[in-house]
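Novice: no FASTA, just this:
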């Protein structure tokens, strides 16, 4: 029988995320309530895994919203707000990803 999981606020903590995912089977359903990114070093990779994982319903958190605002309008205010909430580490990671626009588009459409 499939299990249903709900969690949020991983904030780039890859070790914590990996421990959690060891308990989740591929056919289980996940409701991810946002904030995969920022603060910790692994947020961008966690976000990509969750947004592309079948049987996962991803709800945008305020950190994903700040990221989209900063990427979209590139204003000092949006970028400063995102960075002051731990976004610099995520921004650095996404700029190294040639497919970041595809992921940003998926996040914007949540």
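Specialist: Cool, the structure landed. As the structure is a computational prediction, the values presented were derived from the model and not from experiment.
Novice: just checking, what packs against the one helix or strand residue 101 maps to?
Specialist: Under the assignment given by DSSP states H and E, the secondary-structure element containing residue 101 is helix 100-108. Taking 3 or more CB pairs under 8 Å, 6 or more residues apart in numbering; DSSP states H and E as the contact definition, the neighbouring helices and strands of helix 100-108 are helix 43-52, helix 62-73, helix 88-95. For every residue, glycine as well, the C-beta is placed using N, CA and C.
Novice: what angle do it and helix 88-95 make?
Specialist: Put simply, helix 100-108 runs at 120 degrees to helix 88-95, going by axes from the mean of the first three to the mean of the last three CA atoms, to 10 degrees.
Novice: now do the buried residues in helix 100-108.
Specialist: Judged by neighbour count (16 or more other CB atoms under 10 Å), helix 100-108 contains these buried residues: 100, 103, 104, 107.
Novice: next one: that helix to chain centre, how far?
Specialist: 11 Å (CA atoms, centre = their mean, to the nearest Å).
Novice: do the same with stretch 47-59
Specialist: From the chain centre to the centre of stretch 47-59 is a distance of 9 Å (CA atoms, centre = their mean).
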